[in-house]
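this is the structure alone, sequence omitted:
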């Protein structure tokens with residue numbers, strides 16, 4: 001038995017389909033996608049599919065659909081081969097909502113028959129809290145997921161870049177920008193026509209009436225069975241606009257004492273994240289940020305201009321209301337990209353692992369460091385992330401970073417410092433020379449290093465320092 005869960009559009013169904021299809025020959029299986037309907041109807045639909053998959057009986061679907069126990073017993077009764085039969089119950093929460101005792105029924109059947117058969121059961125779903133609960137100690141199914149519990153998470157930036165690897169129109173900047181616009185959801189990137197320029201595709205997918213992603217957020221809110229979408233919309237909109245402190249979010253969203261509930265729900269969904277300054281543990285300093293770049297982009301650029309988009313040329317709206325502000329927006333996304341780079345590529349490039357990492361900001365607000373991280377060799381890394389397309393980062397960036405670090409001496413106690421500069425526009429010769437002189441102390445990461453495994457990046461020399 002396996003548990004597979006993750007929010008919508010991340011590819012759970014696709015992954016299960018590929019698993020059943022196999023590399024050379026399809027596996028014997030029954031895939032059932034649950035619907036929001038009554039329990040008797042759900043059982044009848046499942047019975048129909050089981051009879052088609054297993055056959056070998058004159059039973060009518062209505063005879064088999066009398067109970068969940070009868071359906072499950074039928075699977076073991078009919079399948080006696082040594083080869084494994086796979087039963088996939090997708091969107092399992094829809095079944096459990098109509099039949100709250102179904103997890104207990106599954107547990108009893110599994111202990112009595114299922115675990116001793118050659119049947120594999122996969123429970124899949126998008127309702128994160130409900131699916132997580134199935135594997136917890138107070139669940140009847142606790143300890144039964146002997147094939148594992150798998151959470152499907154959004155792609156990272158370097159994984160979404162593979163959607164554009166064969167397109168000459170999408171260089172490193174375009175690939176990173178598409179991550180900033182569409183986030184880590186593979187379905188969204190699969191919609192992009194990579195034979196068309198990036199900005200045309202942003203307009204075609206998000207801005208035109210009836211475009212595929214124009215109303216995606218409303219769909220996502222609806223499918224999570226959120227009862228008060230207006231309040232969630234307000235909270236997400238306020239956070240995406242740059243207000244990250246609890247009091248300001250509460251004031252501007254108008255959610256009053258209910259804000260904690262909304263924030264907790266959005267955090268469980270993975271739509272927002274809590275952020276603390278590095279090495280701080282006081283929740284008084286907690287900030288909230290939109291976790292998914294697609295939602296951040298939608299609430300920053302689409303939601304405020306929905307009325308304008310209904311009656312205006314979408315190209316005009318993009319050119320006047322979005323394009324001029326994209327560099328500032330991407331500067332924030334770039335910090336996430338740089339953190340992902342450190343977590344992904346540090347072990348191979350620098351033979352160290354990232355133990356913990358986050359932003360740092362001082363209590364007085366005067367000092368901000370984009371990334372502070374502890375390295376597995378005992379050193380502490382301080383990073384600056386520069387999304388300046390037309391200007392190389394100069395030696396002054398390193399000087400300023402070191403000066404900021406000196407203002408927070410508690411972060412340097414008993415630690416050797418490493419300074420990392422990420423710059424999409426490259427580096428000045430002076431900064432390159434400095435990095436060459438102290439390669440263990442200064443890391444320079446330019447755009448060719450950000451995507452070392454894509455076709456365009458691999459066509460040129462991938463360099464952290466100019467002499468590697």
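Now that the structure is in, tell me what you want to look at. Because the structure is a prediction, the values reported are computed rather than measured.

from now on I want contacts and neighbour counts done on CA atoms only, so please keep to that.
Will do.

so which bits of stretch 136-152 are buried?
Residues of stretch 136-152 classed as buried: 140, 141, 144, 145, 149, 151, 152 (neighbour count, 16 or more other Cα atoms under 10 Å).

which two of those have the greatest separation?
Pairwise distances across the buried residues of stretch 136-152 (Cα to Cα) peak at 22.9 Å, for the pair 140 and 152.

where do the strands sit along the stretch 101-250 of the chain?
With DSSP state E, counting those that start in this stretch as the criterion, the stretch 101-250 of the chain has strands at 119-125, 149-151.

would you mind finding the most buried of these?
Among the strands of the stretch 101-250 of the chain, strand 119-125 has the highest mean neighbour count (mean count of other Cα atoms under 10 Å), at a mean of 21.

list of residues touching stretch 425-445?
Contact with stretch 425-445 is made by 386-395, 398, 417-423, 446-447, 463-467, as judged by Cα atoms under 8 Å, 6 or more residues apart in numbering.

report the buried members of the residues you listed.
Among these, the ones that count as buried by 16+ other Cα under 10 Å are 386-388, 392-395, 398, 417-423, 446-447, 463-465.

residue nearest the centroid of the chain?
residue 154 (2.7 Å; Cα atoms, centre = their mean).

who touches the nearest residue to residue 243 once chain neighbours are set aside in this structure?
Nearest residue to residue 243 in three dimensions, chain neighbours excluded: residue 249, at 6.3 Å (Cα to Cα, 6 or more residues apart in numbering). Taking Cα under 8 Å, 6+ apart, we find residue 249 in contact with 235, 238, 239, 243.

got the residues you listed as TSV, with distance to residue 363, pLDDT and neighbour count columns?
Output for the contacts of residue 249, formatted as TSV (distance: Cα to Cα, whole Å; pLDDT from 0 to 100; neighbours: other Cα atoms under 10 Å):
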residue	distance to residue 363	pLDDT	neighbour count
235	24	94	24
238	22	95	22
239	20	95	24
243	17	93	19
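
and these, which is closest to residue 382?
Lowest distance from residue 382 to the contacts of residue 249 (Cα to Cα) belongs to residue 243, with 25.0 Å.

what about stretch 320-336, average pLDDT?
Stretch 320-336 shows a mean pLDDT of 95.

quick one: buried residues of that stretch?
Neighbour counts over stretch 320-336 (16+ other Cα under 10 Å) mark 322, 327, 329, 330, 331, 332, 333, 334, 335, 336 as buried.

in space, what's closest to residue 67 - neighbours in sequence excluded?
Closest to residue 67 by Cα to Cα, 6+ apart is residue 43, at 7.3 Å.

correct me, but that neighbour touches residue 70?
No: judged on Cα atoms under 8 Å, residue 43 makes no contact with residue 70 at a distance of 9.9 Å.

these two: which has the busier surroundings?
Shown here are residue 43 and residue 70; by other Cα atoms under 10 Å, residue 43 has more neighbours (22 against 14).

hmm, back to that, closest to residue 308 among the buried residues of stretch 136-152?
Once Cα to Cα is applied, the member of the buried residues of stretch 136-152 that ends up nearest residue 308 is residue 152, at 36.0 Å.

what's the longest helix along the chain packed up against?
The longest helix of the chain (DSSP state H) is helix 326-350. When contacts are defined as 3 or more Cα pairs under 8 Å, 6 or more residues apart in numbering; DSSP states H and E, helix 326-350 sits against helix 172-182, strand 354-361, strand 368-375, strand 380-386.
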